[in-house]
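A.B. asks: my questions concern the predicted model and sequence given below.
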Amino acid sequence: MAGLQLGGLVSGMDTQSIIDQLMTIDKQKITTKQTKINEYTKKKDMWTDIKIKLLDLKFAGNDLTRTSTFMTKEATSSNSNKVSAKSEAGSPNATYTLTNVTPAVAGKVTGTAVSMSNGVKGKIEGSNTWDDALGASGLPGNIRFSDYPELGITAGTVTINGAAINIASTDTLNLVATKINGSSANINATVGADGKLTLEAKNAGDIISIDQGDSNFFSKFGIDGGAYTPPVASDYVRTLQEIKADGSSTSDLKNVQAGFFTINNFTFEVKETDTVSSILKQINYSNAGVSAVYDSNSKKFTFTAKDAGKSIVMENDTSNFLHSIGVMGAGNSTETYAGTGSSYTINGVAMTGETNDIVIDGTTISLKSAIAAGESETITVTNKSDKAVEKIKTFIEKYNAIVDLIEENSKAEVVDNKSTSTDTVNSKKSENSTVSKGLLNGDPTASQIVTTLRKALTGQVNNVASGYDQLALIGITAADSKSSHLTLDEETLKSALDKKPEEVLKLFSNSGKEKTKTVSFTTGSAATISSSSDINLGTYYTGADSTAIQNRKFSDYSSGVTSGSFTINGKSIYVASSDTITAVIDKINGAGAGVTASFSSGKLTLTGNNINESMSLSAGTTTFLYKTGILQEKSEFDGVSARLASYIDPMTKYKGTLDDRKTYFEKQIKDTTDWITSYAKKMEDKQNRYIKQFAAMEKAMNTSNSQSSWLSSQLASLG
């Protein structure tokens with residue numbers, strides 16, 4: 001707009017005010033358009049929110065099509081110390097009574113005691129004591145250093161095996177020992193009755209490294225000059241080579257040599273550089289199914305099958321390792337330690353098993369300990385509805401979120417501008433009232449969404465048992481006749497889930513699509529199947545115009561055929577969007593499926609090549625067999641989740657209905673913004689024109705006034 005203008009100096013008129021009034025109507029037009037932009041933005045955001053909520057509803061519905069949601073089972077035991085169980089989803093409800101139980105026992109062998117050194121721990125015994133220094137008696141370990149300054153113990157930090165230990169003047173010998181034991185030095189510090197400090201490594205073979213640092217603690221208690229016992233590693237961690245080289249060693253492991261041995265058909269190699277520890281790790285980490293351990297107290301090796309009932313077979317010990325540790329007899333090339341199977345009576349039937357696990361119809365019963373004759377324990381398998389209830393609650397929550405959003409924003413209310421009260425549009429409007437409309441008021445797409453969702457949820461589902469074929473029958477109903485909002489009667493739902501969870505599952509998950517089909521034959525004839533009706537792939541096919549449709553690419557018209565594969569007699573046939581019916585027929589005939597495909601009078605026919613042989617069909621990942629009428633798809637058989645998905649998918653897909661709505665409002669925002677920009681330029685031009693016109697008027701009036709004054713002066717001079 002133009003800058004500051006000082007008009008009306010000649011005319012006395014407020015020309016700026018006049019120009020502003022002349023521009024008011026134009027400014028109102030821009031304000032109206034800006035209000036429209038705000039409205040379009042809110043509507044665009046509203047449709048984005050609707051899309052998100054519809055997808056949330058679809059995903060919640062998908063959860064209700066899974067067997068694991070509804071058929072979860074709970075297996076309870078009367079005595080879990082003796083028998084336990086777990087059931088897979090879909091396992092039948094049952095009670096299993098067990099008696100006369102003898103659990104399976106794993107094969108096991110413990111060798112004879114082996115001559116093996118447990119090693120020596122590094123050790124330092126202090127040479128000084130409290131008694132030596134003070135002649136003290138009683139509890140020298142609890143005497144504070146600060147109480148005897150004549151000892152001259154200085155505070156500071158000492159180091160043991162890299163761990164810093166702070167020595168304070170107020171410490172006692174016992175407190176310092178506690179600090180050492182709690183550090184990362186891996187040392188056991190003890191204080192004798194006479195106040196002598198001893199440091200000993202926790203593990204055989206570990207050294208003790210000390211540094212007195214800035215305290216004289218070690219020297220005062222004779223640690224730096226005390227008796228030192230050097231460490232010796234145990235035979236468990238020394239290499240076979242090191243054991244053999246130790247002339248003082250009497251270890252039975254001196255007889256072990258490089259070689260091999262086999263356990264349960266798994267062969268292990270022994271090297272001179274191996275240790276007992278590394279050999280046992282090889283066994284324990286393998287798939288031989290054996291646990292091998294060494295007890296340093298008894299000096300015996302024990303091998304146990306990891307699974308009850310399994311045996312241990314040891315063979316071909318060329319390394320002499322198994323013989324040396326006493327688990328294979330001298331001179332034996334094979335040794336078997338057999339496991340024993342289980343025996344039990346279940347529901348009155350005596351049985352035996354190789355392991356302690358009994359699998360019956362998806363329930364695994366595990367025997368833990370014996371159950372004597374005359375005693376019994378029971379396993380009870382029942383429905384566990386908690387998961388299904390929570391998933392259905394989530395589904396209802398997601399459904400209510402979308403319908404409540406649309407219904408709330410579709411309202412129109414009468415607003416009394418004086419009292420600020422509201423009422424429906426059916427109320428009588430006063431002269432002071434206005435109608436406030438929601439963002440979706442009058443939007444047919446929004447209205448259609450609610451109507452379709454409500455229909456999908458309230459309709460009956462075929463092929464579901466009576467009493468379970470509608471949501472209302474399992475406790476899911478509308479809050480009232482005026483709303484689509486759903487409410488849940490949890491007790492009714494739990495009752496339905498406890499009685500027939502498989503029917504509740506079908507209510508949600510049923511599909512009207514034949515995913516597979518077996519085409520039978522008539523004796524003496526080949527199996528054959530044709531399209532259920534004339535193929536109507538889109539708008540190009542009419543009547544007998546079969547040639548046109550047969551050779552038209554699926555992608556060239558609204559055929560509904562998607563890319564993917566289907567199978568005939570186990571042979572996969574791939575369908576591309578660029579294919580034609582003729583091209584797919586050629587693929588079928590060349591697939592080696594034992595079937596001949598043909599097309600005539602608008603129908604596809606599949607005929608077996610051999611008589612008295614049935615034909616198996618699977619829809620796979622393409623819609624070809626559905627769209628050609630070979631397999632049937634009947635929406636009335638769809639469950640609630642399938643109905644929702646079939647409606648929501650095209651609505652929410654990329655460039656689908658909801659994207660179109662969003663795109664529409666984005667275009668309105670852009671077009672309106674462009675209009676405002678253009679109109680603002682026109683307003684600026686108009687205002688500049690007004691300014692120039694008023695300036696010209698002022699100039700003309702000034703000229704006229706000047707001429708009038710001159711004329712008056714001339715007339716006055718004549719008089």
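C.D. replies: Looks like it came in fine.
A.B. asks: residue contacts, residue 274?
C.D. replies: With contacts defined as Cβ atoms under 8 Å, 6 or more residues apart in numbering, the neighbours of residue 274 are 239, 240. Yep, even glycine has a C-beta here, placed from its N, CA and C like the rest.
A.B. asks: and it, how far from residue 260?
C.D. replies: For residue 274, the distance to residue 260 equals 12 Å [Cβ to Cβ, to the nearest Å].
A.B. asks: likewise for residue 457?
C.D. replies: Counting by Cβ to Cβ, the separation of residue 457 from residue 260 is 69 Å.
A.B. asks: more neighbours: these two, which one.
C.D. replies: Under the criterion of other Cβ atoms under 10 Å, the comparison of residue 457 against residue 260 puts residue 457 first, with 23 against 14.
A.B. asks: isn't residue 612 right up against residue 520?
C.D. replies: No. Counting by Cβ atoms under 8 Å, residue 612 sits too far from residue 520 to count as a contact (10.4 Å).
A.B. asks: which one's more surrounded, the two?
C.D. replies: For residue 612 versus residue 520, the count of surrounding residues by other Cβ under 10 Å is larger for residue 612: 12 against 9.
A.B. asks: show the contacting residues for that one.
C.D. replies: Shown in contact with residue 612 (Cβ under 8 Å, 6+ apart): 521, 523, 524, 525, 526.
A.B. asks: filter those down to the buried ones.
C.D. replies: With neighbours counted by 16 or more other Cβ atoms under 10 Å, those contain buried members at 521, 526.
A.B. asks: tabulate the contacts of residue 612 (a markdown table), appending distance to residue 283.
C.D. replies: Putting the contacts of residue 612 into a markdown table (distance: Cβ to Cβ, whole Å) gives the following:
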| residue | distance to residue 283 |
| --- | --- |
| 521 | 59 |
| 523 | 63 |
| 524 | 65 |
| 525 | 64 |
| 526 | 61 |
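A.B. asks: just give the number of residues close to residue 106.
C.D. replies: Counted with other Cβ under 10 Å, the neighbours of residue 106 add up to 22.
A.B. asks: state the distance from it to residue 313.
C.D. replies: For residue 106, the distance to residue 313 equals 13 Å [Cβ to Cβ].
A.B. asks: leaving out chain neighbours, which residue sits closest to residue 626?
C.D. replies: Spatial nearest neighbour of residue 626, chain neighbours left out: residue 633 (5.0 Å); criterion: Cβ to Cβ, 6 or more residues apart in numbering.
A.B. asks: now do residue 500
C.D. replies: Ranked by Cβ to Cβ, 6+ apart and with sequence neighbours excluded, the top spatial neighbour of residue 500 is residue 468, at 6.0 Å.
A.B. asks: could you look up the SS state of the one you found?
C.D. replies: coil (DSSP: H, G, I helix; E, B strand; the rest coil).
A.B. asks: residue 487 now?
C.D. replies: Three-state assignment for residue 487 (three-state DSSP): strand.
A.B. asks: what residues does the closest residue to it other than its chain neighbours make contact with?
C.D. replies: Computed as Cβ to Cβ, 6+ apart, the closest residue to residue 487 that is not its neighbour in sequence is residue 479, at 5.1 Å. Residues near residue 479 by Cβ under 8 Å, 6+ apart: 485, 486, 487.
A.B. asks: which of those are buried?
C.D. replies: By neighbour count, with 16+ other Cβ under 10 Å, the contacts of residue 479 hold residue 486 as buried.
A.B. asks: closest to residue 568 out of the contacts of residue 479?
C.D. replies: Lowest distance from residue 568 to those (Cβ to Cβ) belongs to residue 486, with 43.6 Å.
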